[in-house]
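> Sharing a model that was predicted from the sequence below.
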Amino acid sequence: GSYHVFHKHAGAQIYQIHGRKIWYFLPPASKRPSKGNPCDLMMGTGTFKLTDEESRSLSSVLQQPGDTVIVPDGWYHGTCALDDWTVAVGMQRGSPHSFQQKFDPVPQLNGDSYINTFIHPMPWIDKIAFQRRLMSCGVEFNWNNLDSWIWFNGDLGKYYNELISSDSKRNLKDISSYAVHRWMGKKRSTLIHYELILSVINQFTSGEGLHVLDAGCGLGAGLMWFETNGPRSFDLVGHTISAAQLKFISNLPLHNFQAVLKSYDELEVYQIDSSEKRALDIIYSIEAFIHSPDEDNTLKQWSKALADQGLV
């Protein structure tokens, strides 16, 4: 497999997302090992070998998806990938200056000049062109009368209520028609999001009897897709802050999932010490977490409502 030769640096943490790898460690006082493929140590073949003293002090560990390896400061380490491709996220202590990365300074510009110089001009800079563009998309308003614009002042529920009332092109029997996510893939599918989530659930759980929350469930497309395509044992629930979305969901074809008019921060009923509902095994959110007014608080509430080994 692919590999990293023995080396050392400041303390680091590496979280494995996909694939497996073997880690080899030697104490800081060890003599720097010669360069070579650490996979040779596992296979017992190849040209890379350790001295008898190094072999006696060698430690190794298998890292699998979901595992975090903490590399102590100054320890020599090398890795050998056991799968065709691996993905990990890591961080390392230290100052960028010590790595001699020579970052270029960021130009000090005021906001307006920065936007006009480096960012594609916003469409409303040319008001006439902007008005024509919006009208070509079916938007009707009097440019000279700003009262014809609807301002929501941060009320997300009100915005979605208005958005749904202005759109009558949804087919209750066609999930893709109300799965209002960004297109993905060559076929411009909005359903791939659900397929990806289900594949992760199957990878890390038994996939049976799970209590699943759609945090910001929109028009209920995700809930309907999972009920149709996922295990029948799923206990599905969705939270939305839009009364219009909830009404739309109530008109969907016969279903077993539940949708409630609540923020996805309001999860007290699912907390482990609550007797009303059991804790959540899975929380997923598709293009809805961005609406959280306080991401740290949202993640704390989700964590409190998760069962042991639960996934977000």
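It's in. Numbers count the residues shown, from 1 in each chain.

> quick one: least confident helix or strand in the chain?
Within the chain, no helix or strand scores below helix 111-118, which has a mean of 46 by mean pLDDT, DSSP states H and E.

> which residues touch residue 255?
With contacts taken as C-beta atoms under 8 Å, 6 or more residues apart in numbering, residue 255 has the following neighbours: 223-224, 227. In this view, the C-beta of every residue, glycine as well, is placed from N, C-alpha and C.

> Burial check on residue 198, number of neighbours?
19 (other C-beta atoms under 10 Å).

> secondary structure element for it?
Assigned by DSSP states H and E, residue 198 belongs to helix 192-204.

> So which of the contacts of residue 255 belong to helices?
Among the contacts of residue 255, DSSP state H puts 223-224, 227 in helices.

> For the residues you listed, give me TSV that also has distance to residue 91.
Below are these laid out as TSV (distance: C-beta to C-beta, whole Å):
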residue	distance to residue 91
223	36
224	39
227	39
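
> Strands of the stretch 151-300 of the chain, start to end?
211-215, 235-240, 258-261, 280-284 (DSSP state E, counting those that start in this stretch).

> Select, out of these, the one closest to residue 203.
strand 280-284 (12.2 Å; C-beta to C-beta).

> Check which helices and strands the closest one sits against.
Contacts defined by 3 or more C-beta pairs under 8 Å, 6 or more residues apart in numbering; DSSP states H and E place strand 280-284 against strand 211-215, helix 295-305, strand 306-311.

> And the contacts of the last one?
The set of residues external to strand 306-311 that reach it, using C-beta under 8 Å, 6+ apart, is 200-201, 204-205, 211, 272, 278-283, 312.

> Please repeat the previous calculation with a cut-off of 6 Å.
279-282 (C-beta atoms under 6 Å, 6 or more residues apart in numbering).

> Out of the residues you listed, grab the one that's most surrounded.
Of all the contacts of strand 306-311, the highest neighbour tally under other C-beta under 10 Å goes to residue 280, namely 25 neighbours.

> Hmm, that one is touching residue 214, no?
No. At 10.7 Å, residue 280 does not count as touching residue 214 under the criterion of C-beta atoms under 6 Å.

> now the contacts of strand 306-311 as TSV including pLDDT?
Formatted as TSV, those follow (pLDDT from 0 to 100):
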residue	pLDDT
279	91
280	93
281	94
282	95
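
> Which residues are in contact with residue 221?
175, 178-179.

> What of residue 69?
Neighbour list for residue 69: 14, 23, 63 [criterion: C-beta under 6 Å, 6+ apart].

> and the helix holding residue 198, what other elements does it pack with?
Applying 3 or more C-beta pairs under 6 Å, 6 or more residues apart in numbering; DSSP states H and E, one finds that helix 192-204 contacts no other helix or strand.

> Output it as CSV - backbone C-alpha positions only.
C-alpha atoms of helix 192-204 as CSV (Å, rounded to 0.1, in the frame of the first residue of the first chain):
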residue,chain,number,x,y,z
ILE,A,192,-28.0,11.5,-4.0
HIS,A,193,-27.8,13.3,-0.6
TYR,A,194,-30.1,10.6,0.9
GLU,A,195,-28.2,7.8,-0.8
LEU,A,196,-24.9,9.1,0.7
ILE,A,197,-26.3,9.4,4.2
LEU,A,198,-27.8,5.9,4.0
SER,A,199,-24.4,4.5,2.9
VAL,A,200,-22.7,6.0,5.9
ILE,A,201,-25.4,4.7,8.2
ASN,A,202,-24.9,1.2,6.8
GLN,A,203,-21.1,1.6,7.1
PHE,A,204,-21.1,2.5,10.8
